[in-house]
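>>> here are the coordinates; sequence isn't available:
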């Protein structure tokens, strides 16, 4: 594969994750761009990037940059993705692809006419055993899929004093928990089942109608362990400083309309039933995605906190536990697994595998073959699905998911 040069826009938690994944996939990272030139300089220095680029405009103007990764807050995705494609560069955008389906539909159209590869960073697909599960469904080992159930739960917004830009609809969109983490589950379940969701019935809830906003800013996750701050460790997002930088009590109450948790019933194209529980206020759960799928021949269950194990359920024989091992997996799962059995692969590896598939597809140059990564079309469908979930919650009824 030829040498590609990439730029990452956004210096928060997920930006450096992209930088690491790109480097591990053999891609040269030449720019890390923050919300100001100074933040870009500091990020580049920290990450060992030596290019001269300090702004998004610098990146677009450089003909030597092949691709751009967008890891900025949601409200910037549409304009930035459009600008990247119009500059003739390949693009990977963090989810959600856009703030609404009108924007995401426009991006699908621009991408299709650009000749550039355009992907969305649904990295959870790229855990090897998620590929293995999808392959087992496709090959008929699961039989006809009857149901898919599961959850995605976290605790980093448990307290009223937990605060981040994502809680505001103008920054992250009208949906938060569903669009932020639930969208990963929804993408994964449709990828494994090979069936799109066609209708939904949702019941969502905002636990904290008001939250306490610090006079300063706060990280998405922090290393602090006291009440009201997450004990996860992540890197500061754009425009966000460390918690605890303000004096005690130096906060203000802000009104919150986005949901903290909720349930969504699903109906798939083949008639299968589904149910998702999503929450960012479940104490003790840092980042836990669970999925169980039942079919006429067998069942499958997977948990992101033990990602190297796939449970396989049977009626007439003993159940199985497949521990990730390329020599024991099908071609699809083995293709996104680089280490032998007994050597765990996890969250950072999913980005490496996603990026490897993305750039290999570009290098091959055959746009008539199905892309082996989540595309802008996938991102658009997920935006439409999230809008249907919101509509269902508001109308307290089943809502069809339009094509």
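Great, that's in hand. A quick note: this is a predicted structure, and the numbers were derived from the prediction, not measured.

>>> which residues does stretch 279-291 contact?
Residues from elsewhere that reach stretch 279-291 (Cβ atoms under 8 Å, 6 or more residues apart in numbering): 124, 148-158, 176-177, 180-181, 184-185, 188-189, 192, 207, 230, 232, 260-262, 300-305. From N, CA and C alone the C-beta is placed, and that goes for glycine too.

>>> now do the same end-to-end measure for that stretch.
15 Å (Cα to Cα, to the nearest Å).

>>> okay, buried residues for it please.
Neighbour-count burial for stretch 279-291 flags 279-282, 285, 288-291 (criterion: 16 or more other Cβ atoms under 10 Å).

>>> stretch 354-363 too?
354-359, 361-362.

>>> just for the stretch 101-250 of the chain, where's the confidence low?
Along the stretch 101-250 of the chain, the model assigns pLDDT under 70 to residues 216-249.

>>> can you count the residues close to residue 67?
Neighbour count of residue 67, defined by other Cβ atoms under 10 Å: 23.

>>> for it, list the residues it contacts.
Residue 67 makes contacts with 4-7, 27, 89-92, 117, 359, 362, as judged by Cβ under 8 Å, 6+ apart.

>>> nearest to residue 57 among those?
residue 7 (11.5 Å; Cβ to Cβ).

>>> which strands or helices does the helix or strand hosting the closest one pack on?
Residue 7 belongs to strand 5-9 when assigned by DSSP states H and E. For strand 5-9, the packing partners by 3 or more Cβ pairs under 8 Å, 6 or more residues apart in numbering; DSSP states H and E come out as helix 14-24, strand 28-33, helix 56-61, strand 67-70.

>>> can I get these in TSV with distance to residue 343?
What follows is the helices and strands packed on strand 5-9, written out as TSV (distance: least, Cβ to Cβ, whole Å):
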stretch	distance to residue 343
helix 14-24	15
strand 28-33	26
helix 56-61	36
strand 67-70	27
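
>>> quick check: which of the ones you listed is buried the most?
Ranked by average neighbour count under the criterion mean count of other Cβ atoms under 10 Å, these are headed by strand 67-70 at a mean of 26.

>>> quick revisit: secondary structure for the buried residues of stretch 354-363 - can I get that in JSON lines?
What follows is the buried residues of stretch 354-363, written out as JSON lines (DSSP: H, G, I helix; E, B strand; the rest coil):
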{"residue": "354", "secondary structure": "helix"}
{"residue": "355", "secondary structure": "helix"}
{"residue": "356", "secondary structure": "helix"}
{"residue": "357", "secondary structure": "helix"}
{"residue": "358", "secondary structure": "helix"}
{"residue": "359", "secondary structure": "helix"}
{"residue": "361", "secondary structure": "helix"}
{"residue": "362", "secondary structure": "helix"}
